[in-house]
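Engineer: here is my input; please provide its structure:
(2 chains)
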Number of protein chains: 2
Amino acid sequence: MHPKSVILEDAHAVLQSSFLSDLRKLGTLVSKRGSSLEDYEKSCKEASILVASGGSKIDKAYFDRLPNLKLITVFGVGYDGVDVKEAKKRGVLVTHTPAVMKDDVADMAMALLLNCTRELIEAHKFIERGDWMHASRPLMVPLTQMKVGICGLGRIGEEIALRLKAFRCEIAYFATHKHEDAPYQYFDNLENLASWAQALIVIMPLTDKTYHMIDSKILKALGPQGYLINVARGKIVDTEALIYALDHKEIRGCGLDVLEQEPQIPPASLLNKPNVVLTPHAGSATLGSRNAMAQLVLENIKSYLEKGEVLTSVPELKKA
Amino acid sequence: MHPKSVILEDAHAVLQSSFLSDLRKLGTLVSKRGSSLEDYEKSCKEASILVASGGSKIDKAYFDRLPNLKLITVFGVGYDGVDVKEAKKRGVLVTHTPAVMKDDVADMAMALLLNCTRELIEAHKFIERGDWMHASRPLMVPLTQMKVGICGLGRIGEEIALRLKAFRCEIAYFATHKHEDAPYQYFDNLENLASWAQALIVIMPLTDKTYHMIDSKILKALGPQGYLINVARGKIVDTEALIYALDHKEIRGCGLDVLEQEPQIPPASLLNKPNVVLTPHAGSATLGSRNAMAQLVLENIKSYLEKGEVLTSVPELKKA
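Structural biologist: All right, here's what the predicted structure looks like:
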């Protein structure tokens, strides 16, 4: 162990206090909040470990401020905020927390899909207003036999597919390559998947290639009866195109756990719409997932301190 | 065919116009709305067929007004509104529409469970208020490994279980008898199931025995972390006991598709509660289910008119 390791945390919004206590056992924990600017700058120079969140932006300038950095542990599965090429160049290890949160994120995708197809928020308001006494709600579209396209068939995508199967949906997916052992129809073209599907669930990492991948063309292909669900990253969807599609009834509705400008309040055109359901990037926001993620971050740090190796490196930096 | 059969409908709230057109091809269709009181009383005397909804109350007095009644077709799976003993005594056949709606009702149970465990309505409001910029929502309880008790393992209960399995829940059930081929733990005592479970899903017919079956004792057993989901009949739950349990944090939350006094506006104590989700008896309210239910009602009437027999009799009146 290195009792004097300085551990910087840039993830306070998602960390529980019990996890912070555990981190303090591994080194000197420094947070931006709660430090004077001078102390903080000094700690940055000494820090060898950085605990980041999925929302942290670790770019070249950030690396320049942390000259002794050896390890970045991202508390989350997506690590699009980290410039991994820069980390590689500087010999900095990068870990994330895959697998442990897959069930909860898949559950959130299903929760949003069911909310959209059954318009649960609207149904709830219908009763609270007393409308049930003298009116009926429109009939909804069954999930049974619905054609659902999954955009990304990683661990979470596969969990979503297992759930959709239990709901008797027809399942197809788009991915960078065909998964030979996946018993679902494969589309190598996202527009074709969107044309086929009545609901499209986005669960891909954010990269240069997936930025604004869901654009006006894909939304048009999804069509006026189609639902868009996003449990990946807000920036994968072109928000302006989405608002246009909703306003012009080019799609039927959407359920978004992530937003392009989160946690800013979303554009007014996304608010108070009966066919838009929003949740605050809460896919993994359960006690179970967050504890498991915290545990994995701690184990990565311990493994690094004891053996100079990590357990769950991001794929680009994995040893051959 | 009996072109002069008078068909009375007491289900306008749930019937689509295309179905009413199809009924008109089988006889003279009479609705209370749209008839003078005199004409309506005359039609009642002639009517041989009654199309009822799950909410229709067909008691002895109702039978007395329909002396020529031969067939009641309930548009719905629950037929608790029909006095079946009285029907038997008078030689009136009674049908319902089981099976065709099982997927949609099971989906609604899952939608309500996910809404409760993830507090989706609250999460949505959190974003609409702009709270996300400066606050975090509390962490929720994962559905994975949650102990879920199903109260009633008929066709719909079995569908709910299949879905829960995909969500990796632990599943147990209470029913009047053990289902030998069901791979779930059986409780012959509802209070014991409620003590075991973190969520209880009610999907049983309403009978004298199940009226207010979910009472203060069961809710206390469910406990302060427990969720109650009801997709069966409102009267199975003692609403006063439920409100007491919610107010005193004896249970954590509930999702109700049915209410004791529906479609009346619910008691104020059930409204605007962050841990209560309400939907307007919409389990089967999809185009798919309602069309299939309408088709089954029509086929029962045709079969009766052609052969004097029905296809989906209620169990009590089934021929041996």
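
Engineer: tell me the contacts of the residue nearest the centre of chain A?
Structural biologist: The residue lying closest to the centre of chain A (C-alpha atoms, centre = their mean) is A:Ala232, at 3.8 Å. Residues in contact with A:Ala232, defined by C-beta atoms under 8 Å, 6 or more residues apart in numbering or on different chains, are A:78, A:152, A:202-206, A:210, A:258. All C-beta atoms are positioned from the backbone trio N, CA, C, and that covers glycine.

Engineer: can you check A:Ala106 too?
Structural biologist: Contacts of A:Ala106 by C-beta under 8 Å, 6+ apart are A:156, A:159-160, A:162-163.

Engineer: pLDDT, neighbour count and distance to B:Gly288 added to those residues, as JSON lines?
Structural biologist: Output for those, formatted as JSON lines (pLDDT from 0 to 100; neighbours: other C-beta atoms under 10 Å in any protein chain shown; distance: C-beta to C-beta, whole Å):
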{"residue": "A:Ile156", "pLDDT": "98", "neighbour count": "28", "distance to B:Gly288": "28"}
{"residue": "A:Glu159", "pLDDT": "98", "neighbour count": "23", "distance to B:Gly288": "26"}
{"residue": "A:Ile160", "pLDDT": "98", "neighbour count": "28", "distance to B:Gly288": "22"}
{"residue": "A:Leu162", "pLDDT": "98", "neighbour count": "15", "distance to B:Gly288": "23"}
{"residue": "A:Arg163", "pLDDT": "98", "neighbour count": "21", "distance to B:Gly288": "19"}
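
Engineer: sorry, back to before: and which of the contacts of A:Ala232 is nearest to A:Ile127?
Structural biologist: A:Ile127 lies nearest to A:Val258 out of the contacts of A:Ala232, by C-beta to C-beta, at 29.3 Å.

Engineer: quick one: that closest one and chain B, what's the gap?
Structural biologist: 11 Å (C-beta to the nearest C-beta, to the nearest Å).

Engineer: now A:Leu270
Structural biologist: Counting by C-beta to the nearest C-beta, the separation of A:Leu270 from chain B is 9 Å.

Engineer: what's around the closest residue to that residue other than its chain neighbours, how many residues?
Structural biologist: In space, and not counting its chain neighbours, A:Leu270 is closest to A:Val276: 5.5 Å by C-beta to C-beta, 6 or more residues apart in numbering or on different chains. Neighbour count of A:Val276, defined by other C-beta atoms under 10 Å in any protein chain shown: 22.

Engineer: then the lengthiest helix in chain A to CSV, C-alphas only?
Structural biologist: Ordering each helix of chain A by length in residues (DSSP state H) puts helix A:287-307 first. Taking C-alpha atoms only, helix A:287-307 is exported to CSV below (Å, rounded to 0.1, in the frame of the first residue of the first chain):
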residue,chain,number,x,y,z
LEU,A,287,-28.3,1.1,-4.2
GLY,A,288,-27.3,-2.2,-5.7
SER,A,289,-25.5,-0.9,-8.8
ARG,A,290,-23.9,2.1,-7.1
ASN,A,291,-22.5,-0.1,-4.3
ALA,A,292,-21.1,-2.6,-6.8
MET,A,293,-19.6,0.2,-8.9
ALA,A,294,-18.0,1.7,-5.8
GLN,A,295,-16.6,-1.7,-4.9
LEU,A,296,-15.1,-2.1,-8.3
VAL,A,297,-13.5,1.3,-8.2
LEU,A,298,-11.9,0.5,-4.8
GLU,A,299,-10.7,-2.9,-6.1
ASN,A,300,-9.1,-1.3,-9.1
ILE,A,301,-7.3,1.2,-6.9
LYS,A,302,-6.2,-1.5,-4.4
SER,A,303,-4.9,-3.7,-7.2
TYR,A,304,-3.0,-0.8,-8.8
LEU,A,305,-1.4,0.1,-5.4
GLU,A,306,-0.5,-3.4,-4.6
LYS,A,307,0.5,-4.8,-8.0
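
Engineer: now that helix: how far from the chain's centre is it?
Structural biologist: Taking C-alpha atoms, centre = their mean, to the nearest Å, one finds helix A:287-307 lying 19 Å from the centre of the chain it belongs to.

Engineer: re earlier: the contacts of A:Ala106 also near chain B: which ones?
Structural biologist: Intersecting the contacts of A:Ala106 with the contacts of chain B gives A:162-163 (criterion: C-beta under 8 Å from any C-beta of the partner chain).

Engineer: now the residue in chain A sticking out farthest from the centre: how far from B:Ala13?
Structural biologist: What lies farthest from the middle of chain A is A:His134; by C-alpha atoms, centre = their mean that is 41.6 Å. A:His134 is 10 Å from B:Ala13, where distance means C-beta to C-beta, to the nearest Å.

Engineer: follow-up on the earlier one: next, the buried residues of the longest helix of chain A.
Structural biologist: A:288-294, A:296-298, A:300-305 (16 or more other C-beta atoms under 10 Å in any protein chain shown).

Engineer: where exactly do the strands run in the stretch 201-320 of chain A?
Structural biologist: Using DSSP state E, counting those that start in this stretch, the strands found in the stretch 201-320 of chain A span residues A:227-230, A:253-256, A:276-278.

Engineer: put together CSV for those, with mean pLDDT on each row.
Structural biologist: Output for the strands of the stretch 201-320 of chain A, formatted as CSV (pLDDT from 0 to 100):
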stretch, mean pLDDT
strand A:227-230, 98
strand A:253-256, 98
strand A:276-278, 98
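
Engineer: any chance of these in CSV with distance to A:Lys4 as columns?
Structural biologist: Listed next are the strands of the stretch 201-320 of chain A as CSV, based on distance: least, C-beta to C-beta, whole Å:
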stretch, distance to A:Lys4
strand A:227-230, 43
strand A:253-256, 44
strand A:276-278, 44
